[in-house]
Every structure is written in C-alpha cells, then in structure tokens.
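Chemist: What would the 3D arrangement of this be:
(4 chains)
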Number of protein chains: 2
Amino acid sequence: MPKDRKIDVVILGLLSHEDLTGYDIKKRIDGAISFFWKGSFGSIYPSLTAMESSGLVKKYKADNSGNREKILYHITDKGIDALKAWLRDDMASNELKYETVLKLYFGGAEERQVTLHNIELFEEKIRSDLDLLKIYKSNLEKVQDNEDHLYFLLTVMFGIDTYEAYLKWCTKAKKMLKQ
Amino acid sequence: MPKDRKIDVVILGLLSHEDLTGYDIKKRIDGAISFFWKGSFGSIYPSLTAMESSGLVKKYKADNSGNREKILYHITDKGIDALKAWLRDDMASNELKYETVLKLYFGGAEERQVTLHNIELFEEKIRSDLDLLKIYKSNLEKVQDNEDHLYFLLTVMFGIDTYEAYLKWCTKAKKMLKQ
DNA sequence: TGATAATATATCAAAATGATACATAACAAA
DNA sequence: TTTGTTATGTATCATTTTGATATATTATCA
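Modeler: Numbers count the residues shown, from 1 in each chain, chains lettered A, B, ... in the order given. Below you'll find the model as predicted:
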C-alpha cells in the first residue's frame, strides 16, 4: 500500500501562503507548479476532506452574501507542523514518466525519421515552456522583498537550466540521427 | 477515465527485443529504464494478461524440463503494429513528480539550512546516478554494430546532460542560499 | 545444515488519473 | 434580449498505478 497521499503536502504548501478553495488549488497546480508536479480534482477533494478530519486544515464558507457557496480551506498549526516535518524528512521520491524518452529508447522499432520528428515535437514544447519560465523569472526578479521569492526563483532557475540542457541535447541528437 | 495503460508500450518495447517473463520485465524497468520510467508488478501482470487476450502478446511455458514453471511472453505482429503506432503518435505526456523541487518551492516554511540540506541530498543522489550513466555510456560506445544501440546511447546522453545541468544548478543554488 | 538472497507469479488496499456531471456566474456577440 | 461560450466551483467514478505483501521455488554461501 502506498505510504501516504503525496498531494497532501502540495496542498499544505499552497495553504501555508493563503486560504484557498479546491478550485483555486487546482489552478495553482496547473500554473507554475505544473513544471514539477501534477494533480487532479480526483485527488484534491478527497485529500481536503481527509485532512479536514485529521485536523491539518479547517474549512469555512466564504462570506459572500447571496452569492453561491464557496468552501475555503485554512491551514492549522498541526498542518504547518506536518508541512515542516515533511520538509525536514530526508525522503524525496523523484518520479518521472518521460514518454518522450521512452519513445526515444524504443525508437529502433521505426525509421529514424519518426524519432527525429518526435525530438522536434519535444524541442518545440520545451522552447515554448522555456519562454514562459523566463517570464516567471523576470517577474520574480522585480520584487525581491519576500523570502518566499528566493525559493520561487530557485525553482524557476532549476527549470530554465534543465530546459536549456534539453535543447542542447536536441541539437546534438538530431545531428547524430542524421549521421 | 485514463485513456489507456501506459505500461503496455513499455512492455511491448521490451518484448520487441526479446521474449521475457513478468519478472524479467520488472528487472529491465528497474534498470536503465528507471531513469525515465517506473513500473511495478501490480501493473505489469495485469497488463500482460490484458494484452494476451487482445492478441498483442502471446504467452508460452518455458521448456525447462522438471524445473519450476516459467511464463514467457512473445510480441505478436499485432503487438509490433501497436508499438509502431504509438511511436508515430504525436502525443507524449511527460509527467514528473519532483519531490525535491516541491520541497524547494515550499522551502520558505522552514529555515534556509533545511533547504540547503535537501539540495545536498539531491546532489549526492544525482552524482552517484551520473556515475552509473557514464558507465552505461562507455559500455554502449564499445559495441556499435547495432542500430538499437544508437537509441540507447541517445537516451543515456539525455540523462547525462540533464544530470550535469542539475549539478551546476545545485552549486549555484547553494551559493544563493548562503548569500 | 541452515540462512539468506534471487527468481517467479500473483493479489490487494490505497492513491492518482483523467474524464465527466452538474450548476452558477460573467461576458461578449447576434 | 437571448444565445453561446468561457470561467468558476464542488464532486464523483471507472480505470490505472503504486507499493507492499503473500507464497513458493531455486541458488548461493557459510
């Protein structure tokens, strides 16, 4: 059985900055975080419910008079402790499922042109994501008052450095496939 | 509902090279492939059963007289076609769950020393994996008779280039965290 | 002889995916 | 004005995957 719900710490991390609805959490995960983590409603809502009953978060209805119901979640002291304990835990599983690389590895089953094309698709995607990361970076560099910004910046730099290495590899790989 | 079982193509790819048992497949996945894909018995055996009944693979008992039963799987023509169709499909989902980067992103909830320590742990792991990748590479470079080897080499090069970028980032990040 | 590691198949609860259902609100276009 | 579309928001579900465990045989080494 899996040790625990990994999505919990993603949610706790986000809630450590501000109160959010389940929908907000999904938006955050689909934003900057999507470069290194993914998550769906199907895991977010059950996690929120479970963490509510174990006291890591507290839910309350937003006071928007007359408007539709909106459930906001707030991190408790117990939740902060859980987040800190996770940060201090040496365990870190880096799971990747790189379908691009998988196709590369088994590329021998098809003509070289097919792999070449797959590399070009990958290259295009990375190039466009890299542009996005560079925008994030310049935005972060404008405001330097916040300690959290340093961590966001380091994360974005990690993405940029990785993606630039990918692009260099693409150039090399294409050359080798063309002989 | 998830479109299909991703593990199927991993297995088909492996079987396109040689007949294997479920246990063999697991060993292959835990080897060089583990750098870009993971898979457990709990997905391998059900996939083999499903692909048997849909005619993508064929199972047979190994002829090891008197010894214990051993079920080998062989890829069919239909299986080869499925593998090729997947290679020719432009879709490629690159799912990563980088707990190290997640901890970095939420590092602001703890002292800098904690993030610094986490980066060091990551660095150590990457450094040791990089050594392994370099051994794979030099082994691949020795034997160049096979077309498949080109694809394995490109995959290993992808890993090496990525990991070297990680290490450079680690140095930079540690410096920034120490001010 | 005994211990332990490797081989081999298989199952299971818990977790995650990705899709969909349902409903309200905002907004522009016809 | 109504119509269509997009965004907001909560929630569920079948399918897939994880990670652990059960079971049993064979190999290895002390």
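Chemist: What are the buried residues along stretch A:119-126?
Modeler: Judged by neighbour count (16 or more other C-beta atoms under 10 Å in any protein chain shown), stretch A:119-126 contains these buried residues: A:Ile119, A:Phe122, A:Glu123, A:Ile126. All C-beta atoms are positioned from the backbone trio N, CA, C, and that covers glycine.
Chemist: Equivalent analysis for stretch A:54-62, please.
Modeler: Buried residues in stretch A:54-62 (16+ other C-beta under 10 Å): A:Leu56, A:Val57, A:Lys58.
Chemist: of all these, which comes closest to DNA strand C?
Modeler: A:Leu56 (13.2 Å; C-beta to the nearest atom of the strand).
Chemist: per-residue pLDDT, the closest one?
Modeler: Looking at A:Leu56, its pLDDT reads 97.
Chemist: now the helices for chain A?
Modeler: Using DSSP state H, the helices found in chain A span residues A:7-15, A:22-30, A:41-53, A:77-88, A:99-105, A:112-142, A:147-177.
Chemist: now for the ones you listed, which one comes closest to DNA strand C?
Modeler: Across the helices of chain A, closest to DNA strand C is helix A:41-53 (C-beta to the nearest atom of the strand), at 2.2 Å.
Chemist: Now look at that closest one and say if it contacts chain B.
Modeler: No. Helix A:41-53 does not reach chain B (C-beta under 8 Å from any C-beta of the partner chain); its nearest approach is 10.6 Å.
Chemist: circling back: looking at the buried residues of stretch A:119-126, which is nearest chain B?
Modeler: A:Phe122 (7.1 Å; C-beta to the nearest C-beta).
Chemist: tilt between the helix or strand of chain A with the lowest mean pLDDT and helix B:147-177?
Modeler: When each helix and strand of chain A is scored by mean pLDDT, DSSP states H and E, strand A:94-98 comes last, with a mean of 93. Angle, strand A:94-98 to helix B:147-177, by axes from the mean of the first three to the mean of the last three C-alpha atoms, to 10 degrees: 140 degrees.
Chemist: Show me what strand A:94-98 is packed against.
Modeler: strand B:94-98, helix B:99-105 (3 or more C-beta pairs under 8 Å, 6 or more residues apart in numbering or on different chains; DSSP states H and E).
Chemist: so where's chain A shaky on pLDDT?
Modeler: By pLDDT under 70, the weakly predicted segments of chain A are A:1-3, A:63-68.
Chemist: please redo it, this time with the cut-off set to 80
Modeler: Low-confidence segments of chain A (pLDDT under 80): A:1-3, A:63-69, A:143-145.
Chemist: near DNA strand D, which residues of it show up?
Modeler: For chain A, the residues in contact with DNA strand D (C-beta under 7 Å from any atom of the strand) are A:1-3, A:21-24, A:26-27, A:40-42, A:45-46, A:68-72, A:93, A:95, A:97.
Chemist: so who does the closest residue to A:Leu56 other than its chain neighbours touch?
Modeler: Closest residue in space to A:Leu56, ignoring its immediate chain neighbours: A:Gly79 at 3.9 Å, by C-beta to C-beta, 6 or more residues apart in numbering or on different chains. Contacts for A:Gly79 (C-beta atoms under 8 Å, 6 or more residues apart in numbering or on different chains) come out as A:Leu12, A:Leu15, A:Ser16, A:Met51, A:Gly55, A:Leu56, A:Val57.
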